[in-house]
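Student: 3D, please:
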Amino acid sequence: MTDVVKWIQDRVQGDLLPWADQQSAAHRFGLSYRQVEQIALENGLLPARYQRNRNMISLEEQLRLFHSRAVVIGCGGLGGYIIEELARLGVGHIVAVDYDVFEEHNLNRQLLATPDFLGLNKVAAAARRVDRLNPSVDLIPVCEAFGADNGRQILSGADVAIDGLDSITVRLELAEACRAENIPLVYGSIAGWYGYVGSQFPGERTLEKIFADDTGGKGLETKLGNPSFTPAVIASLEVAEACKILLDRGTPARRRCLSVDLLDMEFVEIDC
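Tutor: Presented below is the predicted three-dimensional model:
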């Protein structure tokens, strides 16, 4: 790899590796874009796409994100934005889990939904999107319904799980699988103008407390609907939580839940 490193070092601008040179290195040395990105980061060079990260995320932390594995359960309204932001952030391994296909009613809010993709599996669309926007990210599509029978297998090896579900029952199964696998979980939900977000670490039972009186099934979104902006807001908050967990920085929303009311622009913290 010495020749690759020297070739890259001769072409960097300061300590930034432009995308064009990342492409050239991959083609010249028969490497994947991901391999070139790893070589750059491990040798103190930052792919130029991440230069706006650097004032808040160090190069060492960018490498940590590169090696991280996030599992996103649900690739619809929340999940599409979550996957997009994780890939742009530089999280190196994203497991996208969803058995569903795009339908016309998804077009108003789901980032990955387009008229051309109607009838296409959501995880297939996620893989295409990530390959186009950041080919250095390894997206693993899992076209299955997440549940108690396969949850632990899907989550195996994850550094964080992120909830993009619309089912309370499955969300609780996800929480149980995360607890069994000792994986922190970032959860979120949306309905109309409203949403909530928080984090649950192994050993905690925040979600069980939130839904103690709930009978399960679908959430309020079946009654209140969902516009284009609510999933974007809640998904972004979930990605911020996941980033803090992966980098072990800041204060995650543990044992508490952030309730978001976009109609009256109120953000209320609830102890759980």
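Student: all helices of this protein, in order?
Tutor: Assigned by DSSP state H, the helices in the chain fall at 2-9, 19-29, 33-42, 59-66, 77-89, 122-133, 151-155, 168-181, 206-210, 221-224, 229-247.
Student: pLDDT weak spots in the stretch 51-200 of the chain?
Tutor: The model of the stretch 51-200 of the chain has no residue with pLDDT under 70.
Student: Which of the helices of the chain has the highest mean neighbour count?
Tutor: The highest mean neighbour count among the helices of the chain, using mean count of other C-beta atoms under 10 Å, belongs to helix 77-89: a mean of 26. Every C-beta, even on glycine, is put in place using the N, C-alpha and C of the backbone.
Student: any idea how far that one is from the chain center?
Tutor: The chain centre lies 5 Å from the centre of helix 77-89; the measure is C-alpha atoms, centre = their mean, to the nearest Å.
Student: one step back: any chance of JSON lines for the helices of the chain, columns distance to residue 272?
Tutor: Shown next, in JSON lines, are the helices of the chain (distance: least, C-beta to C-beta, whole Å):
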{"stretch": "helix 2-9", "distance to residue 272": "48"}
{"stretch": "helix 19-29", "distance to residue 272": "43"}
{"stretch": "helix 33-42", "distance to residue 272": "37"}
{"stretch": "helix 59-66", "distance to residue 272": "28"}
{"stretch": "helix 77-89", "distance to residue 272": "20"}
{"stretch": "helix 122-133", "distance to residue 272": "30"}
{"stretch": "helix 151-155", "distance to residue 272": "22"}
{"stretch": "helix 168-181", "distance to residue 272": "12"}
{"stretch": "helix 206-210", "distance to residue 272": "5"}
{"stretch": "helix 221-224", "distance to residue 272": "21"}
{"stretch": "helix 229-247", "distance to residue 272": "14"}
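Student: which stretch among these comes nearest residue 193?
Tutor: With C-beta to C-beta as the measure, helix 229-247 is the member of the helices of the chain nearest residue 193 (6.6 Å).
Student: and the closest one, what's its mean pLDDT?
Tutor: Mean per-residue pLDDT for helix 229-247: 98.
Student: what packs against it?
Tutor: In terms of contacts (3 or more C-beta pairs under 8 Å, 6 or more residues apart in numbering; DSSP states H and E), helix 229-247 is packed against helix 59-66, helix 77-89, strand 160-163, strand 185-191, strand 194-200, strand 256-261.
Student: go again using 10 Å as the cut-off
Tutor: On a contact count with 3 or more C-beta pairs under 10 Å, 6 or more residues apart in numbering; DSSP states H and E, helix 229-247 meets helix 59-66, strand 69-73, helix 77-89, strand 160-163, strand 185-191, strand 194-200, helix 221-224, strand 256-261.
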